[in-house]
Structure formats: structure tokens, C-alpha cells
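J.: Model the following, please.
(chains A and B)
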Amino acid sequence: MNCQECRRHLHPYLDSELEVPDNLSILEHLNTCGACQEIFEAEEAALRHVKAALTTDIAPTGLPRSVPHLLQHQDHQEIWRRAIAILVPLGVAATLIISLIWNTPSDRTPPIDGHEHGTALAFAVDHFLNLRQTASNESGLISLRLLAEHAEFNRLEPRQARAVYKELLGREARLPPSLDGDIGAARADGPALKHSPVEDLLLIETTDKHLFGLYVLDKSQVELSNLQLIEDAGVTEDLRVEHCPACRVIALTRGEKVFLMVASPDLGVDPMIQLVKKTF
Amino acid sequence: MVMDGLYRTAFRMTGDRTRSEDVVQETILKAYRFFGSYKEGTNFRAWIHRVLYTVFVNTIRDRSPRTAALDGIPEPEEKANSLIEELDRPTHIQRARAVLDAADDRIQQAVLELPQDLRMVFLLSTVEDLKYREIAEIVGCPLGTVMSRLFRSRRMLQDRLVEYAREKGLEVNPEAPGEDMRDGERK
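T.: Down below sits the predicted model:
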């Protein structure tokens, strides 16, 4: 590679856009060419400086406002648009009357229902974004408290829990062998089983920090046939489980990764917990 | 953080804090509404910046209905790469130093002076670290156009900062042109 070819790749190189062979060729050339090396270093330093100058701004606290507020606001706007389009042809008088009716503060807009599937997904995003914001600046916009802090768990009977584990061990090779023990011992180490008070959701945290979510399809009859494995959140030491008290969103956070799960009643007997987003 | 990135991009595009907050709010709302279009396993930041781009273009259209796109300058016929090779080493170094000597507010102002189409690509790449391919999807243009816009935006930014350095008498004198060739230039 000569200098001309090398400099032609300057920006893709600095932006890490080159394929490995091209990257290696550039590096080889830079190792032997002082002029190009100087150019690349100068341009890289300049780009870093520019980036630093442009990343000083952070989003204001309180941005975005809460999702329900935004959605309701937008719904109101949409209602107004439609109302005007219909009422104008009917005459000014009718428009005024009906507008007054619509303008009266009321609960005409259906309240945001966290149990609605689409809205639940919206909540998932909301929680993700605000989770990050809350963690970074303690603004407390929407605080997802730790599940253990606000929930009164309905623990399964040991017999039932043991059966669940055995069933899981039979189906899931990912479970470590150490789990092949008495569920009672595992529970003694901590809240191995967490049963959401909000939904028919059972979270099982193993001693190896594997976490499984199970949806209890029939709350009155907690049996294996009524349990559905939703996701293995992986092994971690710093896994946090946060359950929205208002809707069916469960956020599992581990470092930079967020696992979001949403329970929806609209999906029948199909998987009722969805792993919405795995990595951000 | 995703929210900071959205706000930064919106602010650098609008140049106005209130408008940028509105753009971000609208972006979040649209993201909620169309969350189903996000494909699992793809870059969430790129996806939500695409939403933001759409919102921003819509705000421009709302303000001046005859304008349906970002302001910009005609795309050059020359390939993006050809923009790079014509500079010699002293010029490269001189321009890079002008950037390094520039204060933050001057850089921010110079970015605001970039045409919107170049500025958007510049911000998404240089500040938000999105890949060329992702940016091409966001702004809806070919990969080559993204590269061209990116290189031109960087070139224009340097031009403005060099100009500023000259105005302030801060110009870093380039080294003698002949030294470039003695320093191992290989053609």
C-alpha cells in the first residue's frame, strides 16, 4: 500500500469501518511511513477534540416526560383533529357546542392501560430509558423499585418448586449441575423463588445467578403444565430484577444490558412473556 | 446514554433547546407507537435515531411546507475518496491543529453552520459513533453518499476552523512543503 491509497482510507479507518485485511494493510503502512502516521494521528486527535466539544450536552432532567402524559396529550390532540374535521361542515354553532363539550376536562380519553399489549411495549421502552436516566442522575422520573422491595411474594410450596426445578433440569441443559439439589437449600440462600404479586409471573433465581421467568397460565393450579419458560437471563453477579408495579414489565439489568419482558393477556395460551429487547 | 444522544443530535440540528426538546419528546412518542418495527438484535440507538431523523424532517416540513428535506448542497459527482487524497501532509497537519486549537463553542458554532444534510451525517458518525451502513438507513441514501457527506462535512468544519484561526491570528504555520516529500512520502 502506498501513501495515496493509505490516505484514501483515512476516514473509514478512523471510523473503524474497514475490513480486517484493509485495516492490517493500513497499520503496516503506518508502521513504516512517518508522514502518513503523523497525518493519521493528527486527524484522529482532531476528531477526538471535536467529539469532546460536541458531547458536553446532556438531556435535561425530566426529558422525556412520562409516557402516559405524552400519550394522553397526543390522544387529546388526535381527538381534536378528528372532531374539527367532522364538526366544521355542520356549522359554527354546532362546532362551538360540541367543542365546549370536548373542551371540558374529563376522562374521555381512555386511561393508559399498562395491560394493553401495545402500550405495555411502550412502557418497556419508557422503563428502559428512564431506568438509564434514573440510574445516571437520580432524577427519579419513574423509579422501578427492586422487586424485592415492594412485593409480597407468594412462594410456591417446596414440593411444587422442587418439581419445577426438576422439570427445568430435564429440559434445560444450560442449567449448571449444582442446581441438581434440594430446592429447599437453594431457597435458604435467598429469595430463589419470586412470585410477582402483580401478575402470574414466577421468577426463579438460581444459586448460580441464572434467572428464569415462568408464566403461570392457570393461577389456581400451579403445575408444570401451566408453566412456561420464557428466558434464561444468563449468569451474572450483578443482575437486578425490577418489576413495574403498574404494568406487566419486568426489567432485568446487568451492566449495559437490559432484558425487558412484558406480560400480555392478549396472546392467549401462546407465550405470554416476551423478551422484548435483549441488548441495547 | 440513549436520551443524551437524541438530545445532542436534536440540539445540534435545531440549534435551539426548546425545539430540540420537542423533537426528542416527539421521537420518544413515535418510538412507542412504532416499537414493533424495531428488529431485535439490531442497534437500538440507530433505530431510535432513525425515528428522530423522521421527526426532524417533519418539523422542517411543518415550518416550510415546500421543503420536504434537509437543506444541503448538491452532491458532487466525484467519489468520496477523491476528496481525501488531494491534501498533502502539511495541509493535513495544519488543518488538524486548527481544530485542536479551537475552543468548544467555536466548534459547536462551526457545526451549526454546516448544511443540514451534511451536519446530520456528521453528528451521527462522529458524535454518535453509528456505522456508515446504519446512517445510510437513517437518512435514506446510499452508503457512498453517506461517506461523501461525512468527508465533506469534516472538510467544511476544518475549513471554518482554519478560517477562524486566521481571523484570530492563531494560525499554526504549516511546515515547509518540501519537508513532506523528504519525510518518506510514497507515491
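
J.: pLDDT value on residue A:84, please?
T.: With respect to pLDDT, residue A:84 scores 61.

J.: Tell me who's in contact with residue B:146.
T.: Contacts for residue B:146 were tallied using C-beta atoms under 8 Å, 6 or more residues apart in numbering or on different chains; they are B:121, B:125, B:132, B:135, B:136, B:139. C-beta: built from backbone N, CA, C; applies to glycine.

J.: got a winner among these for most neighbours?
T.: residue B:121 (30 neighbours; other C-beta atoms under 10 Å in any protein chain shown).

J.: list the contacts for residue B:135?
T.: Here residue B:135 is in contact with B:121, B:124, B:125, B:146, B:150 (criterion: C-beta under 8 Å, 6+ apart).

J.: Mind doing that once more with 7 Å?
T.: B:121, B:124, B:125, B:146 (C-beta atoms under 7 Å, 6 or more residues apart in numbering or on different chains).

J.: so how far is stretch B:161-169 from its chain's centroid?
T.: Taking C-alpha atoms, centre = their mean, to the nearest Å, the mean C-alpha location of stretch B:161-169 is offset from the chain mean by 21 Å.

J.: Let's test this: mean pLDDT of that stretch, rounded?
T.: 82.

J.: ok, is that stretch in contact with chain A or not?
T.: No: using C-beta under 7 Å from any C-beta of the partner chain, stretch B:161-169 never reaches chain A; the gap is at least 8.9 Å.

J.: Could you pull out the buried residues of that stretch?
T.: Judged by neighbour count using 16 or more other C-beta atoms under 10 Å in any protein chain shown, the buried positions of stretch B:161-169 are B:161, B:162, B:164, B:165.

J.: Looking at the residues you listed, spot the one nearest residue B:46.
T.: residue B:161 (28.4 Å; C-beta to C-beta).

J.: Quickly list the domain ranges of chain B.
T.: B:2-63, B:82-182 (automatic domain parsing).

J.: Tell me which of the ones you listed sits nearest to residue A:31.
T.: Using C-beta to C-beta, the nearest of the domains of chain B to residue A:31 is domain B:82-182, at 17.0 Å.

J.: what distance separates that closest one from the centre of its chain?
T.: 9 Å.

J.: outside of the helix or strand hosting residue A:49, which residues touch it?
T.: Secondary structure from DSSP states H and E places residue A:49 in helix A:34-54. With C-beta under 7 Å, 6+ apart as the test, helix A:34-54 has contacts from A:3, A:6-7, A:10, A:14, A:29-30, B:8, B:12, B:89, B:92-93, B:96, B:99-100, B:104, B:107-108, B:111, B:126-127, B:180, B:183-185.

J.: if you set the cut-off to 8 Å instead, what comes out?
T.: Looking at what lies outside helix A:34-54 - C-beta under 8 Å, 6+ apart - the contacts are A:3, A:6-7, A:10, A:13-14, A:29-31, B:8, B:12, B:89, B:92-93, B:95-97, B:99-100, B:102-104, B:107-108, B:111, B:123, B:126-127, B:154, B:157-158, B:180, B:183-185.

J.: mind checking pLDDT for residue 88?
T.: Answering for chain A, as no chain was given. The model's pLDDT for residue A:88 equals 58.

J.: if you could check chain B rather than the one you did, that'd help
T.: In this model, residue B:88 carries a pLDDT of 75.

J.: all helices of chain B, in order?
T.: B:2-14, B:17-33, B:44-63, B:82-85, B:89-101, B:104-112, B:116-122, B:132-139, B:143-167, B:177-182 (DSSP state H).

J.: quick one, the longest one and helix B:89-101 angle?
T.: Angular relation of helix B:143-167 and helix B:89-101 on a 0 to 180 degree scale: 80 degrees, by axes from the mean of the first three to the mean of the last three C-alpha atoms, to 10 degrees.

J.: just to revisit the earlier point, would you mind writing the CA trace of the helix holding residue A:49 as CSV?
T.: Provided in CSV are the C-alpha atoms of helix A:34-54 (Å, rounded to 0.1, in the frame of the first residue of the first chain):
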residue,chain,number,x,y,z
GLY,A,34,6.2,8.6,9.3
ALA,A,35,4.3,11.1,7.1
CYS,A,36,1.1,9.1,7.0
GLN,A,37,1.4,8.2,10.6
GLU,A,38,1.6,11.8,11.5
ILE,A,39,-1.4,12.7,9.4
PHE,A,40,-3.5,9.8,10.9
GLU,A,41,-2.6,10.8,14.4
ALA,A,42,-3.3,14.4,13.8
GLU,A,43,-6.7,13.7,12.2
GLU,A,44,-7.6,11.3,15.0
ALA,A,45,-6.7,13.8,17.7
ALA,A,46,-8.7,16.5,15.8
LEU,A,47,-11.8,14.2,15.6
ARG,A,48,-11.5,13.3,19.3
HIS,A,49,-11.4,17.0,20.1
VAL,A,50,-14.4,17.7,18.0
LYS,A,51,-16.3,14.9,19.6
ALA,A,52,-15.5,16.1,23.1
ALA,A,53,-16.7,19.5,22.2
LEU,A,54,-20.0,18.2,21.0
